[in-house]
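In: what's the 3D shape of this:
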Amino acid sequence: MVNRVMAMLGLAVVLAAIAAAMLGAAASAAADTSSASDSDGTKTSESRQGSTDGSQKPKTESEGGEQKPTEQKPTEQDASGQSPDTSGSADQPATADTTHPVTKTNKTHTDKRNSGLPDSTASAPVATGQSTVSTRKSATTATATQAPAKSQPVMSAASAGAPAESPEPAKSAVTKAVETTTAVAARSTVAVTEQVSASRPQTLIDVVGSIVLNVVMGLIHTFDGAPVLPAGSTVTVRTSTLTIPVAGGRTVEADWYFPTDDETPTRLIYLQHGLGASGPMYSYTAATLAEQTNSIVVAPSLTSNFFDADAAWLGGTPMQQAVADLFVGDRAALTESASAAAGYEVTLPTRFVLAGHSLGGSLVMGAAGDMVDNGAIDDLAGVLLLDSVDVNNTVPTALQKLTGVNYRPVYDISSERYVWNMYGKVGDELEAARPGQFNGVMLVGGRHIDALQGGNPLIQISQYLVAGFSQPQNIEAVKILATGWVNDMFAGTHDGIYGAPQQSIQIDTDAGTATAVVLPFTSTQTVQATPFDGLLNVVLTFLAQNVFVYEPLTRAVTT
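Out: Got it, this is the predicted structure:
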């Protein structure tokens, strides 16, 4: 009981730190409303005031109810000039990207105009911005003036190949369907059996803690607002609901990013946020991935309620399994959500990449491992980790499965060793599982928020205050590295930025030169990004070891 009480006190400290950061950011913004715009896109007030009908966000399980996906009227985005496509990875067997392009019917006309590439430099002032009115707030279509054009970042790096794996032998559709059904059924039976024997009883603290976290997540969703696109973006973003096959079905919000150029997207990216975050906080990151890899990107907002008795939260094993099962068979839930968001019938691309930031990286790694069991691994091109952390030994367990014919490239863009990336734990795990191979890079001066880029300045500043301020050149470097690797995963090429173990690479960006060092880490030395790091280390370590619910509690198991 003492441990559980200490857990609640630790939770209170973390929530107080986050709340203080958000309130501080809000006060700062209120003191200077004339300059409360983000570096590349829209003022938050512009995004939220675009509605004329007073429509609200779709109601989701984190806000007290379930709602099936409903069709939303598209919010179109002004188009801009195209950016060069980068490709490459010798680790992934080459596979054509032409399978199952998106089928478009009744698509509304998009007015295309020349503009520049998106820029996410947080410190740059904005003269003109772009307002994106999402279906999260309104069904009214809106466009706005684009920011001045910017040049494409220039990359300079030495490349070093990694050993290629042999391609997986082809399976017939019937064989694949039978194997998939059998695997999912068998896995579910084993999972429930293990949960009955291993789970602990639910306590009053679990119930109270769950209520508190649901309230906190509701407040975060109030602050995050609609997803805002960067100025000059050539994608549109629409929001619908997505039913996750976990705990009888959980309905969550999902932001869908659709490229609007003349080339039909043939790729799909699943992007998962980190602990305490939500999909809209990554709107700049998602838009860049969609535009520069010609992919449809879906960014669901999952609950961070780690007291959930069903373990149906971001770090729970059942949620990892559920995300894996979204990609089985005809992908009905994903297709329904995409079609509702787009406003027309969508046939999703077959090939996909999983991407995750922080705890979201642990989730997509767990899902990738589960895909070996349910058959969805056949269409998985690779996994992109954005300063990932690991809980419950998820990453090593998944890497043990992603071998042989099931090998898939897994690359991490890591910050320096500090509390928010568990002092480089995932980088060490990748090196232990795949020694001598290219496993990603560490950005010199990198911080946990480098990849967490969105259009809400209040949210952005609060994240920086809690986890440390990102250097502008590292924010841009994340885009270059991520899009190059993802293109390589899909195309089976090796054109992105790679290197030999511990090699230092200079990456030229519009915001300056970033330095990346190829994993493994060259040192065990850690850094302190904020005055709160020591306290947060104690609290987060305690929570991970004593509080986080990874498997359903006893009351969640039914016969």
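
In: Give me the local confidence score for Asn546.
Out: Note for Asn546: predicted pLDDT of 87.

In: ok, now Asn114?
Out: For Asn114, the predicted pLDDT is 34.

In: Could you list the low-confidence segments of the protein?
Out: Scanning the chain for pLDDT under 70 picks out the ranges 1-199, 555-559.

In: for it, what spans make up the strands?
Out: 235-244, 250-259, 267-272, 295-301, 352-357, 380-386, 410-414, 440-443, 504-509, 512-518 (DSSP state E).

In: Tell me which of these sits nearest to Leu481.
Out: Leu481 lies closest to strand 410-414 among the strands of the chain, at 5.5 Å (CB to CB). For the C-beta atoms, the positions are set from N, CA and C on the backbone; glycine is no exception.

In: relative to strand 380-386, how tilted is the closest one?
Out: Angle, strand 410-414 to strand 380-386, by axes from the mean of the first three to the mean of the last three CA atoms, to 10 degrees: 10 degrees.

In: Now Arg417. Nearest residue, chain neighbours left out?
Out: Gly424 (4.0 Å; CB to CB, 6 or more residues apart in numbering).

In: Assess the claim that the one you found and Thr522 are in contact.
Out: No. Contact between Gly424 and Thr522 fails when scored by CB atoms under 8 Å: they sit 10.9 Å apart.

In: ok, these two, which is more surrounded?
Out: In terms of neighbours (other CB atoms under 10 Å), Gly424 is the more surrounded of Gly424 and Thr522; the figures are 24 against 13.

In: Distance of that one relative to Leu204?
Out: Taking CB to CB, to the nearest Å as the measure, Gly424 and Leu204 are separated by 37 Å.

In: Likewise for Thr243?
Out: Counting by CB to CB, the separation of Thr243 from Leu204 is 30 Å.

In: Check Leu540 too.
Out: Per CB to CB, Leu540 is found 23 Å from Leu204.

In: Looking at those two, which is more packed in?
Out: Neighbours per residue, other CB under 10 Å: of Leu540 and Leu204, the larger number sits with Leu540, 18 against 9.

In: Could you find the closest non-adjacent residue to the more buried one?
Out: Nearest one to Leu540, counting by CB to CB, 6+ apart, is Val419 at 6.9 Å.

In: okay if I get the strands of the chain as a markdown table plus mean neighbour count?
Out: A markdown table is the format used below for the strands of the chain (neighbours: other CB atoms under 10 Å):
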| stretch | mean neighbour count |
| --- | --- |
| strand 235-244 | 26 |
| strand 250-259 | 26 |
| strand 267-272 | 26 |
| strand 295-301 | 27 |
| strand 352-357 | 28 |
| strand 380-386 | 27 |
| strand 410-414 | 26 |
| strand 440-443 | 27 |
| strand 504-509 | 18 |
| strand 512-518 | 20 |
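
In: Any chance of JSON lines for these, columns distance to Gly369?
Out: Formatted as JSON lines, the strands of the chain follow (distance: least, CB to CB, whole Å):
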{"stretch": "strand 235-244", "distance to Gly369": "18"}
{"stretch": "strand 250-259", "distance to Gly369": "21"}
{"stretch": "strand 267-272", "distance to Gly369": "15"}
{"stretch": "strand 295-301", "distance to Gly369": "19"}
{"stretch": "strand 352-357", "distance to Gly369": "11"}
{"stretch": "strand 380-386", "distance to Gly369": "10"}
{"stretch": "strand 410-414", "distance to Gly369": "11"}
{"stretch": "strand 440-443", "distance to Gly369": "18"}
{"stretch": "strand 504-509", "distance to Gly369": "30"}
{"stretch": "strand 512-518", "distance to Gly369": "25"}
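
In: Out of these, flag the one nearest Ile449.
Out: When the strands of the chain are compared by CB to CB, strand 352-357 sits nearest Ile449, at 9.3 Å.

In: right, and Pro300 touches Thr241 too?
Out: No. Using CB under 8 Å, Pro300 is not in contact with Thr241, being 9.5 Å away.

In: hey, what's in contact with both of these two?
Out: The contact sets of Pro300 and Thr241 overlap at Val252, Glu253, Ala254 (CB atoms under 8 Å, 6 or more residues apart in numbering).

In: Among the residues you listed, which one sits closest to Tyr411?
Out: Ala254 (24.5 Å).

In: Okay, and the beta partners of the residue lying closest to the closest one once chain neighbours are set aside?
Out: Residue nearest to Ala254 in three dimensions, not counting chain neighbours: Leu242, with 4.0 Å by CB to CB, 6+ apart. Under DSSP bridges, the beta-bridge partners of Leu242 are Val252.
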